[in-house]
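S.K.: Quick check, what structure comes out for this input:
(one chain, ligands or ions: 2)
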Amino acid sequence: LALLWHDRLLKAVRKRATRGDPQSVISAIDHFCRHNEWAMNVGDEKGSILDSVVSEVNPEKVLELGTYCGYSTVRIARLLPPGARLITLEFNVDYAAIARQVIAWAGLEDKIQLVEGASEDWIPRMKEHFGIETFDFVFLDHWKDRYLPDTKLMEDCGLLRKGTVLLADNVICPGVPDYLEYVRNSLSYKSCYFKSHLEYTKAEDGLEKSVFLG
Ligand SMILES: Cn1cnc(CNC(=O)c2cc(-c3ccc(F)cc3)cc(O)c2O)c1
Ligand SMILES: [Mg+2]
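M.R.: Ligands and ions are numbered 1, 2, ... in the order given. Sure, this is the predicted structure:
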């Protein structure tokens, strides 16, 4: 059933969006998720907050944890300067397959590297496998019980530098209490909360922006 849903999503993108136009892909997915079938994309309301943080950071090196259908991948990549690179990790092969097609339709393949596998396996290999020293911006939107361990892993692997910005989705719904407690109380982070709503609903949710202080 999940795959059928994803095929319907892709058909809606191909029908409504213009190939090579990321904004039309974003609008097509938002329309489908609002009027046809809900999906756990970051959505338009939280997506606007994501856009503003990405534009402010203007990152060269981006890591996204949790690609899902590629909606936030496209949202971020469309704002990146020429030469900037986004690496996105997705554990679920079916979601990865859909995301590749969404990213291709948006025409953003050159900026994006989609890697299938577990975040804890790939984070320690960022340097030797992708030639990444440190990330400028990290978007956390994967399994909620992985936000904290993966953040500590990124610290331990030296992937964060003074000023690296972490932006975490769903800090209220479904919620990431251990991660929130850590970034809000650690002397190594400056955190702030952007209140919003769970994608396509009236339920409260929000994004937590945390700057690594080194
Ligand atoms: C399988 N899988 C692939 N990606 C993931 C990680 N993402 C989530 O779990 C996730 C879940 C929800 C959500 C689900 C049900 C509900 F009632 C309320 C909220 C919203 C989100 O924005 C999310 O990112 C899991
Ligand atoms: Mg999310």
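S.K.: Just the pLDDT for whatever residue of the chain ends up closest to ligand 1.
M.R.: Relative to ligand 1, the nearest point of the chain is Met40 (3.8 Å; C-beta to the nearest ligand atom). Where you see a C-beta, it was placed from the backbone N, CA and C, and this is true even at glycine. Here the pLDDT value assigned to Met40 is 97.
S.K.: now swap in Leu4 and tell me
M.R.: Reported pLDDT for Leu4: 86.
S.K.: which residues touch it?
M.R.: Listed by C-beta atoms under 8 Å, 6 or more residues apart in numbering, the contact set of Leu4 is empty.
S.K.: helix, strand or coil for it?
M.R.: Using DSSP: H, G, I helix; E, B strand; the rest coil, the structure places Leu4 in helix.
S.K.: for stretch 46-58, which positions count as buried?
M.R.: For stretch 46-58, the neighbour count (16 or more other C-beta atoms under 10 Å) marks Lys46, Gly47, Ile49, Leu50, Asp51, Val53, Val54, Val57 as buried.
S.K.: cool, stretch 32-43 as well?
M.R.: In stretch 32-43, counting by 16+ other C-beta under 10 Å, buried: Phe32, Cys33, Ala39, Met40, Asn41, Val42, Gly43.
S.K.: ok so, going back, so the residue of the chain closest to ligand 1: helix, strand or coil?
M.R.: Met40 is classified as coil under three-state DSSP.
S.K.: Tell me the one of the buried residues of stretch 46-58 nearest ligand 2?
M.R.: Proximity of these to ligand 2 (C-beta to the ion) peaks at Lys46, which lies at 7.9 Å.
S.K.: which stretch of helix or strand covers the closest one?
M.R.: helix 43-57 (DSSP states H and E).
S.K.: Enumerate every residue touching the residue of the chain found nearest ligand 2.
M.R.: Residue of the chain nearest ligand 2, by C-beta to the ion: Asp169 (3.7 Å). For Asp169, the contacting residues are Val42, Lys46, Ser72, Phe139, Leu140, Asp141, Asp205, Leu207, by C-beta under 8 Å, 6+ apart.
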